[in-house]
Every structure is written in C-alpha cells, then in structure tokens.
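> Quick one: sequence plus predicted model below, questions after.
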Amino acid sequence: MIARTTYFEQLREFIDKPQIKILTGIRRSGKSTALLLLKEELLSRNIESGQIIYINLESFVFSDLRTATQLYQYVEERVQKGKKTYLLLDEIQEVDGWEKAVNSLLVDFDVDIFLTGSNSHLLSSELATYLAGRYVEIPVYTLSFSEYLQFRAAYFPGKTADNKSAFMAYLRLGGFPVLHRTDYSVETAYKVVYDIYSSVILRDTVQRYKIRDVELLERIVKYALDNIGSTFSGKNVADYFKNQQRKIDINTVYNYLNALEGAFILYRASRYDIKGKEILKTQEKFYLSDVGLLYATMGYRDSRISGILENIVFLELKRRGYSVYIGKLLDREIDFIAEKAGNKIYVQVAYKLESEQTVEREFSSLLAIKDQFPKFVVTLDDFWKEDVEGVQHVHLSDFLLQNF
C-alpha cells in the first residue's frame with residue numbers, strides 16, 4: 001500500500017486530537033486504504049492491537065451492525081477500560097442513525113474516532129446537530145497526476161516516461177487507484193471503472209435516495225457527462241427532455257443532480273461575479289469526480305477534450321483545498337477562480353492555442369483582471385507562447401506538478 005501524503009499526513013496530524021475525523025469521497029478513491037495505513041501507524045507507535053477497533057461495514061462479517069444500537073453495543077463490549085481506544089469505521093453510512101452511536105461513544109468512552117463515508121450528505125444538518133464543532137472533514141479524491149507518477153514508479157519501476165507522455169496515459173485512464181496497481185489495457189480499465197460507477201449509482205444513489213425512475217436518472221447522468229465544462233441548469237435539462245418528448249419536473253432534475261453530488265459522481269462549480277464580488281445562482285457547471293467515469297460510460301472522444309481538461313484542472317484545485325468558482329467579468333468568462341486563505345489564482349484552460357483569436361480570447365480575459373494574484377493559461381501545446389504581462393502559459397502536465 002502506498003501512503004498518499006496529502007491524506008495520510010492530515011490523518012497523522014489529527015491522531016489523539018478530540019475531533020472526529022471523517023474521510024469522504026467516491027467509492028474506490030482510497031479511503032479504506034488510508035484507514036488501514038492509519039492502523040499500521042498506530043501499531044508502529046506501540047499502541048496495542050486490542051486498543052484498535054477496525055470495522056469495515058461493507059464486509060459480511062459486520063453485516064449485523066446496521067443500527068446505532070448494534071454498533072454502540074459492539075464497540076462497548078470491546079473498549080478496554082483505562083486505555084484509549086482507536087475506533088476506525090469504514091463506510092459509516094451503512095449504519096442507520098450512526099450519528100447517535102458516534103456521539104454516544106465519544107461521550108461515554110475515551111475514544112479517538114476515524115470514519116470514512118461515500119456520501120457527501122454525511123455532513124448534513126442532522127450530523128451537525130449531534131456533532132457540532134467536533135468533527136473535521138478530509139475529502140479524498142482519486143489520484144492526482146503527481147500521485148499517478150508515484151504509483152507508476154512503485155508498481156512499474158522499469159517503465160519510465162517523460163512527464164508529458166505520462167500525462168497522456170493519465171488523461172486516457174483517469175485516477176482511480178485500482179487502475180494503476182496493475183497494467184490494464186484501456187478497454188479493461190474502462191470495464192473496471194464502469195463496475196465502480198454501477199455500484200455508486202445503485203448503492204449510493206438509487207438505494208440511498210430511494211429513486212424509483214432509474215432509467216431517468218441514467219439519462220440525467222449521461223446529459224451531465226455530455227456537458228462537462230458547459231454551463232447548464234435544471235431548466236436546461238428539463239427543456240432537453242421536453243424536446244425528446246419526455247416531460248420531467250425541474251424539481252426532479254435538481255433532486256437527481258443533488259443525489260449525484262451526494263454520491264460524489266458530480267461536483268458543482270458556482271459562478272462568481274468578479275466585479276460585483278458575489279456568487280451567482282445561475283449558469284453553474286458540473287464536473288466529474290474522475291474523468292474515467294466519462295470514458296467508462298460514454299467512451300473516449302477527442303471532441304470532448306476541452307471539457308476533460310477543465311475537469312482535470314478543477315479536481316487538482318479541489319485537491320489542494322481551494323474553493324473553486326467559474327469567473328464572470330462583464331461579458332468575459334474565466335474558467336476558474338480558486339480561493340484559499342485569502343489568496344486567489346485564476347486559470348484559463350484550452351486544448352491548444354491554435355490561432356491568434358484563441359490566444360486573444362484566453363489571455364485577454366485574464367489581463368482584464370486588475371489584481372496581483374497569479375494567472376495561468378493552461379494548454380497541451382507543443383510550442384510555447386511567452387508569458388504576457390504576468391499571465392503564465394503552462395503545459396497542463398507542468399501545471400499539475402508545480403506549487404501554487
């Protein structure tokens with residue numbers, strides 16, 4: 001197992017801290033591995049194995065722990081009096097009313113609690129009611145390009161490639177960790193990802209949100225996939241289905257999109273008015289938790305490359321802890337405004353700067369922003385355009401590896 005530094009260091013930092021630690025992210029993104037590595041870390045600190053309770057709630061071994069009471073009683077029987085217990089609970093959403101059990105365990109025993117969950121609505125208002133101020137969320141994403149290079153070096157040490165060539169392989173497969181521990185063909189890799197997608201749709205969307213019209217949900221998913229990098233709204237989707245002779249209520253569309261966000265299939269990016277300094281409620285964009293989901297369900301097509309590249313940049317900004325928005329400045333659009341701790345970066349993403357008109361479009365939007373925060377035009381160009389008035393032109397593979 002490879003310790004992914006981004007997440008493992010955060011977990012290590014919070015050992016023996018009073019907060020409940022919650023790892024969230026799409027299935028097979030690496031949350032369970034992080035917990036197992038944490039268990040190894042605890043043992044390396046001479047913590048007795050009896051002080052560590054690890055429960056994988058998707059395992060048949062623990063299939064009888066489905067209520068808060070059952071979970072509480074199981075842990076209660078195994079807590080060692082006079083010693084701190086480290087409680088590692090994998091896929092906690094499988095337990096009905098788990099918030100009550102976790103809150104009671106925190107109150108009644110000397111425990112350090114680490115959880116994983118495959119649903120973003122774990123951190124709902126109900127959870128906040130029970131655990132207000134006592135938890136920290138650590139979002140887990142599929143592999144970044146930097147992590148992909150680590151995996152390739154570890155599992156295939158004899159296969160080397162320059163970063164740009166390696167990026168093209170990463171681009172075609174996506175970042176699910178399971179794909180990069182074995183040398184899959186592209187077709188087999190897409191089958192593996194499709195199985196992950198099917199599991200997420202069934203267990204974290206259809207069953208969890210009690211969706212009855214699965215065929216309609218699939219249609220909405222495919223509409224979203226086909227419009228990655230494009231603005232759309234619930235009304236756009238409803239109008240599209242109306243043209244297909246399929247009537248659908250706008251509220252239903254939003255409910256289904258909300259369920260897809262909850263299962264970490266989609267992430268929403270709101271639009272931000274730079275001049276008015278406000279978040280707008282219309283014309284948002286949706287991005288995938290991994291571009292491999294697009295290929296597995298709809299195949300790889302070069303015509304989608306612009307949206308795919310945007311998706312990769314969006315995820316990298318999220319991995320680094322930025323709040324990410326779509327920028328609006330009068331009649332201009334900036335692909336991404338990313339904010340963190342009072343700092344910003346602006347990013348335009350394009351496939352290639354193939355004409356003067358493209359150069360003008362991508363650079364002028366950033367040049368119109370009159371502040372001193374970093375600005376990037378990110379492309380896959382083989383030739384290089386010099387930076388313009390502080391706006392940097394960067395190859396995407398380099399952008400993903402640099403500090404910002």
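Now that the structure is in, tell me what you want to look at.
> Spatially, what comes nearest to Asn163 if we skip its sequence neighbours?
Nearest non-adjacent residue to Asn163, counting by Cβ to Cβ, 6 or more residues apart in numbering: Ser397, 4.7 Å away. Any C-beta I mention is one placed from the backbone N, CA and C, and that applies to glycine too.
> List the buried residues in the host helix or strand of the one you found.
In the assignment (DSSP states H and E), Ser397 maps to helix 396-399. Buried residues in helix 396-399, counted by 16 or more other Cβ atoms under 10 Å: Leu396, Ser397, Phe399.
> which among these gets closest to Leu89?
Phe399 (36.9 Å; Cβ to Cβ).
> Check which residues of the helix or strand containing Arg361 are buried.
In this assignment (DSSP H and E), Arg361 forms part of helix 356-367. Neighbour counts over helix 356-367 (16+ other Cβ under 10 Å) mark Val359, Arg361, Glu362, Phe363, Ser365, Leu366 as buried.
> what pairs with the helix or strand that comes right after it, and is each one parallel or antiparallel?
Going down the chain from helix 356-367, the next helix or strand is strand 375-379, by DSSP H and E. Strand 375-379 has the following sheet partners, assigned by DSSP bridges: strand 343-349 (parallel), strand 391-395 (parallel).
> quick revisit: same list (the buried residues of helix 356-367) but as TSV, adding distance to Ile308 and pLDDT.
Formatted as TSV, these follow (distance: Cβ to Cβ, whole Å; pLDDT from 0 to 100):
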residue	distance to Ile308	pLDDT
Val359	21	90
Arg361	19	90
Glu362	17	91
Phe363	22	94
Ser365	21	93
Leu366	21	95
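> Serialize these to JSON lines and add fields for distance to Ala153.
Shown next, in JSON lines, are the buried residues of helix 356-367 (distance: Cβ to Cβ, whole Å):
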{"residue": "Val359", "distance to Ala153": "36"}
{"residue": "Arg361", "distance to Ala153": "38"}
{"residue": "Glu362", "distance to Ala153": "33"}
{"residue": "Phe363", "distance to Ala153": "36"}
{"residue": "Ser365", "distance to Ala153": "37"}
{"residue": "Leu366", "distance to Ala153": "35"}
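> circling back to that earlier point, show me what contacts the residue nearest to Asn163?
Phe145, Asn163, Lys164, Ala166, Phe167 (Cβ atoms under 8 Å, 6 or more residues apart in numbering).
> List just the nearest of those residues to Gly133.
Phe145 (35.5 Å).
> can you tell me how far the residue lying closest to that closest one once chain neighbours are set aside sits from Lys242?
Sequence neighbours aside, Leu400 is the residue nearest to Phe145 in space, at 4.1 Å (criterion: Cβ to Cβ, 6+ apart). Distance, Leu400 to Lys242, by Cβ to Cβ, to the nearest Å: 40 Å.
> Then Asn251?
Separation of Asn251 from Lys242 (Cβ to Cβ): 15 Å.
> What of Met1?
Distance of Met1 to Lys242, given as Cβ to Cβ: 50 Å.
> Just confirm Val221 contacts Ala263, I think it does.
No: counting by Cβ atoms under 8 Å, Val221 does not reach Ala263; the two are 10.4 Å apart.
> what sits in contact with each of those two?
Ile201.
> more crowded one of these two?
Ala263 (24 against 21; other Cβ atoms under 10 Å).
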